[in-house]
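# Provided below are the primary sequence and the corresponding predicted coordinates.
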Amino acid sequence: MRHIFAKTAFAGLLLVGTTACTNDLNISSIDPQSTPTYDDMGLLAKVYGTLGMTGQVGPAGKGDISSDEGESGFYRTTFNLEELPTDELNWAWQTDDDIPQITGIYWNRNSVRCQWAYQRLGFNVLNCNFYLQETADKAADANYKYYRAEVRFLRALYYWYFLDLFNKAPFKDENNSMTDLPVEKGGVELYNWIDSELTALESELAPIGQFNGGDNYGRVDQGAALMLHARLCLNAEVYTGGAVKAYDKAINYCNQLISGPYALSSTPKTNPSNGLTYSGYAQLFMADNDINANAMKEIILPIRQDGKKTPNYSTANYLVSSMRIAGMPYAGTTNGWSCNYARPNLIYKFFADGNIPRVTSQDDIDAYKWANKITAKNKKGEEELRAFTEAECIAADKALHGSTEEILAAAADDRALFYAGCGGGIRKVSTDKLNNFLDGISVVKWQNIRSDGGAVSDDEFPDTDVPLMRLAEAYLTRAEAKWRTGDGTAIADVNTLRLRANAAPLTQLTEQDLIDEWCREFYAEGRRRIDLNRFNMFVGKNYIWAWKGGVANGQTVDSHFRIYPIPQDDINNNKNMTQNPGYAE
């Protein structure tokens, strides 16, 4: 079998310049519209590349779709719609387009961020359909059996995002003419299509875990299809308005994953270059998670990233840089965008009273500096305080509180990957304003640092693969599906994850325990809105969090915000699409 990720080609599709980039791609352009021949392996690489890249030259220039290219990537557009309106993260730059509306849950049918996600998903579906059309004559080939099934999976994944975010999709498959307008498919109909498509293609994919390591790491096999199928089934009631319940199916898919070749990342590892010990959980989000066997065994499907070969502003770079500010120790990047920070409700999941270890006084910082002679002379020859070096900041954090190591110890949970020390400025737990990165605690879950102490390929663009699916989801999905069907063994799966995190086991399992555990395990991984919707906590009054509805203490929001509007531009251009309820005006 040829290795997709060693192939050095990509293709332009339609009239748009596009890129295929994975860890090992060295790109050359092919446009089937103007070139009589093309390499279909390049087309396949393009299909995979759109998971993590945004355009033809990267990190900016000749983008796939018309918008700010950095904002246009698959992961960033969907992450923002799934995370920024929730209780987990806030975006400091409230002057950015559509950010107040998204963070405050009062968007409308003209939301540019909804449009960016909608366009990206549609573009990626187009790529999949084009590949399937162009390789139809090779369907009987043993290799192409796998390739085509992988592309069908990715198309199903994008349609699942359409279903989750918009409850409908502009639907086309490879059998439609390129000039046909997409038809509207939503709710039960789109759910059933994804369900049947995953069922059909699962037997066409490589066996479960086949690509969990080696040269083909990052390709889709049966494990990814089972995980997406379990995710679909767990949310069946939400997606179909209660018409379908599929908890037993979700449990069955999870059973296959949990009994398969995967394993939770559980073994601590000490980095010889900085002396820090990283938990198995922390290693999942580090720069060597594509060569660290401990992390790889848990990751079912990653978005491959390489600082030199896949530079972009939408995937790992977005996750690492947006959560850093200049002056933070162990930043792992020269980019500190100072954007995403924790809402207080995320901190409460680990510190119920909000009493997270942190530095709280500039006077304490200044006293530490004077005591340790962290001074410099000004032009008049007078001594004055100067900024910390990274080493000084690390030492100060130990004396003044707020280091990640202290927070982890106080939380008694390896998943509490936060920073509240003096690097970059004094942070608050909660705030009456939103436009300052220091208005919340810093999230340091995503890192461009290697657990083995090795050098990263680039100091600006991270090497960190994004685990789009990992085994922990199967444990929590099975736990919730069992809990909803009255199976008392559900708590065991939750405690398996808590044991991995060195957190105390639960002795009972309530609805609140479950939704909180989803947060503790998966915060800042682009799924929180999905879980809140399933527990009927995203809209309405069942759960109020800071800045819900755009006010500091939070408020109820209308039920139509449970799903996003269809971009008005698409409705204007496609007579087959209709607007979602609540967005007509």
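Alright, I've got the coordinates. What you are looking at is a predicted structure, and each value in this text was computed from that prediction instead of being measured.

# just the strands in the stretch 201-350 of the chain please.
Using DSSP state E, counting those that start in this stretch, the strands of the stretch 201-350 of the chain run over 269-270, 277-278, 299-303, 340-342.

# next: the stretch 1-150 of the chain.
89-91.

# and Ser34, what's its pLDDT?
If you check Ser34, the pLDDT there is 36.

# meant to ask about Asp68, not that
For Asp68, pLDDT reads 83.

# distance-wise, check it relative to Asn127.
Asp68 sits 21 Å away from Asn127, going by C-beta to C-beta, to the nearest Å. To be clear about C-beta, it is placed using only N, CA and C from the backbone, and glycine gets the same treatment.

# which of the two has more neighbours?
For Asp68 versus Asn127, neighbours defined as other C-beta atoms under 10 Å are more numerous around Asn127 (26 against 14).

# out of everything not next to it in sequence, what's closest to the more buried one?
Val47 (5.1 Å; C-beta to C-beta, 6 or more residues apart in numbering).

# what residues are up against that neighbour?
20, 124, 127-128, 131, 151, 154 (C-beta atoms under 8 Å, 6 or more residues apart in numbering).

# likewise for Lys269?
Counting by C-beta under 8 Å, 6+ apart, Lys269 has contacts 277-278, 280, 283, 292, 294, 451-452.

# ok, what's across the strand from it?
Tyr278 (DSSP bridges).

# returning to what we had before: closest one of the contacts of Val47 to Thr375?
Lowest distance from Thr375 to the contacts of Val47 (C-beta to C-beta) belongs to Ala20, with 52.9 Å.

# contact partners for the closest residue to Tyr341 other than its chain neighbours?
Excluding its sequence neighbours, the residue lying closest to Tyr341 (C-beta to C-beta, 6+ apart) is Gly440, at 3.7 Å. Applying C-beta under 8 Å, 6+ apart, we find Gly440 in contact with 90, 341-344, 347, 427-431.

# same check on Ala224?
Counting by C-beta under 8 Å, 6+ apart, Ala224 makes contact with 153, 205, 300-301, 469.

# so which of those wins on neighbours?
Using other C-beta under 10 Å as the neighbour test, the contacts of Ala224 are led by Ile300, with 28 neighbours.

# isn't that one right next to Tyr262, touching?
Yes. If you go by C-beta atoms under 8 Å, Ile300 and Tyr262 touch, sitting 6.6 Å apart.

# circling back to that earlier point, can I get the contacts of Lys269 in JSON lines including neighbour count?
JSON lines is the format used below for the contacts of Lys269 (neighbours: other C-beta atoms under 10 Å):
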{"residue": "Thr277", "neighbour count": "12"}
{"residue": "Tyr278", "neighbour count": "26"}
{"residue": "Gly280", "neighbour count": "23"}
{"residue": "Gln283", "neighbour count": "24"}
{"residue": "Asn292", "neighbour count": "22"}
{"residue": "Asn294", "neighbour count": "19"}
{"residue": "Ser451", "neighbour count": "26"}
{"residue": "Asp452", "neighbour count": "17"}
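
# beyond the helix or strand harbouring Ala409, next helix or strand please.
Per DSSP states H and E, Ala409 falls inside helix 404-411. Once the chain leaves helix 404-411, the next helix or strand it forms, by DSSP H and E, is strand 418-419.

# and that next one, what does it pack against?
helix 404-411, strand 442-443 (3 or more C-beta pairs under 8 Å, 6 or more residues apart in numbering; DSSP states H and E).

# mind checking the ones you listed for the one nearest to Tyr217?
The nearest among the helices and strands packed on strand 418-419, by C-beta to C-beta, is strand 442-443 at 26.5 Å.

# strand partners (parallel or antiparallel) of that closest one?
strand 418-419 (antiparallel).

# can you tell me what sits against the partner strand?
So strand 418-419 is contacted by 328, 342, 347, 350, 356, 402-404, 407, 441-444 (C-beta under 8 Å, 6+ apart).

# could these be laid out in CSV, adding pLDDT, distance to Asp558 and neighbour count?
Putting the contacts of strand 418-419 into CSV (pLDDT from 0 to 100; distance: C-beta to C-beta, whole Å; neighbours: other C-beta atoms under 10 Å) gives the following:
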residue, pLDDT, distance to Asp558, neighbour count
Met328, 96, 38, 23
Ala342, 98, 26, 29
Ile347, 98, 28, 25
Phe350, 98, 31, 25
Ile356, 98, 33, 23
Gly402, 98, 39, 24
Ser403, 98, 42, 27
Thr404, 98, 39, 23
Ile407, 98, 37, 25
Ile441, 98, 30, 26
Ser442, 98, 32, 25
Val443, 98, 29, 22
Val444, 98, 35, 23
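
# tell me the two of the residues you listed that are most distant?
Counting by C-beta to C-beta, the most remote pair of the contacts of strand 418-419 is Met328 and Phe350, 19.4 Å apart.

# switch the contacts of Ala224 over to JSON lines; also include pLDDT and distance to Gln101.
JSON lines is the format used below for the contacts of Ala224 (pLDDT from 0 to 100; distance: C-beta to C-beta, whole Å):
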{"residue": "Phe153", "pLDDT": "98", "distance to Gln101": "33"}
{"residue": "Leu205", "pLDDT": "97", "distance to Gln101": "40"}
{"residue": "Ile300", "pLDDT": "98", "distance to Gln101": "34"}
{"residue": "Leu301", "pLDDT": "98", "distance to Gln101": "31"}
{"residue": "Met469", "pLDDT": "98", "distance to Gln101": "30"}
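
# in helices only, show me the contacts of Gly440.
Here DSSP state H is the test, and the contacts of Gly440 give 344, 347 as lying in helices.

# most neighbours of all the contacts of Gly440, which one?
Within the contacts of Gly440, most neighbours by other C-beta under 10 Å means Ala342, with 29 neighbours.

# is that one in a bridge, and if so with what?
Leu89.

# ok, now which ones touch it?
88-90, 418, 440-443.

# closest one of the residues you listed to Asp288?
For these, the nearest to Asp288 is Val443 (20.1 Å; C-beta to C-beta).

# and the closest residue in space to the closest one that isn't next to it in sequence, how many neighbours?
Of all residues not flanking Val443 in the chain, Met323 sits nearest, at 4.9 Å (C-beta to C-beta, 6+ apart). Met323 has 27 neighbours, counted by other C-beta under 10 Å.

# per-residue confidence for Met323?
98.

# show me where pLDDT drops low in this structure?
1-38, 585 (pLDDT under 70).

# mind running it again at 50?
1-2, 5-37 (pLDDT under 50).
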